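Enquirer: No letters, just coordinates:
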């Protein structure tokens, strides 16, 4: 069974600085999708960024980028120029591309932005 | 398109009572998911529908839990004889066949069992 591990329960970063959130996963599949979701205090889960495993190029969305290391099964999220609105729980997630399936989430990392 | 909507947003119930949550997915989405989330944890998968067919159920979904999606549109999640351990956020999400690698979440329904 696939698993997703986030080893940092909490992190803090100074406003305008850069922070990297770590994620590792375990799977025997070669084709899959990886996601980072953000859950602010209002609680609605919002998609931040998505990566297809067959793509070597790391995904980027404005200030958010990933470092996808397929062989190492690592998928970290880098947030540049951190803003107060980035404070939230961040969840790394996995989904198989080979079958219609659920998304599996890690336990999350709570990110604090220090003014 | 107003996104995935869930009702009620908050529910407080006494132990032993039944509760029902409703989810309305994004209109063109044929897949619907239920997750449960407790404080400080990631969402845990409960069940999944494609149209009206329930395709997978987690072993987390005990006999007291039942989910339906009778016409392939909205879905309900019922919890019978609630227990304090059922207190959690129940999240609904949906996705489409053509963009199935991403699911979109509702704001969730908070359940507190007292």
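Expert: Sure, I can see it. Quick caveat, the model's predicted, so the values are computed rather than measured.
Enquirer: mind listing what residue 84 touches?
Expert: You didn't pick a chain, so chain A it is. Residue A:84 makes contact with A:15, A:113, A:115, according to C-beta atoms under 8 Å, 6 or more residues apart in numbering or on different chains. Where C-beta positions appear, they are placed from N, C-alpha and C, glycine not excepted.
Enquirer: um, chain B though
Expert: B:15, B:113, B:114.
Enquirer: Which residue lies nearest the spatial centre of chain A?
Expert: residue A:36 (3.1 Å; C-alpha atoms, centre = their mean).
Enquirer: any idea of the pLDDT on that one?
Expert: pLDDT recorded at residue A:36 is 97.
Enquirer: Would you check that residue A:106 makes contact with residue A:7?
Expert: No. Contact criterion C-beta atoms under 8 Å: residue A:106 and residue A:7 do not qualify, at 9.1 Å.
Enquirer: Neighbour count for the two, which is higher?
Expert: Using other C-beta atoms under 10 Å in any protein chain shown as the criterion, residue A:106 and residue A:7 rank with residue A:106 on top: 26 against 11.
Enquirer: State the distance from the more buried one to chain B.
Expert: Distance of residue A:106 to chain B, computed by C-beta to the nearest C-beta, to the nearest Å: 5 Å.
Enquirer: OK, contacts around residue A:2?
Expert: Neighbours of residue A:2 in contact, by C-beta under 8 Å, 6+ apart: A:25, A:26, A:27, A:29, A:94, A:96, A:104.
Enquirer: And these, which is closest to chain B?
Expert: residue A:104 (7.1 Å; C-beta to the nearest C-beta).
Enquirer: OK, contacts around that closest one?
Expert: Counting by C-beta under 8 Å, 6+ apart, residue A:104 has contacts A:2, A:3, A:4, A:93, A:94, A:95, B:45.
Enquirer: what about residue B:25, neighbour count?
Expert: Neighbour tally, residue B:25, other C-beta under 10 Å: 27.
Enquirer: That one against residue B:71, yeah?
Expert: No. Contact criterion C-beta under 8 Å: residue B:25 and residue B:71 do not qualify, at 11.9 Å.
Enquirer: Next one: the most centrally placed residue in chain B relative to chain A, how far apart?
Expert: For chain B, residue B:34 is the residue whose C-alpha lies nearest the centre (C-alpha atoms, centre = their mean; 3.3 Å). To chain A, residue B:34 is 10 Å away according to C-beta to the nearest C-beta.
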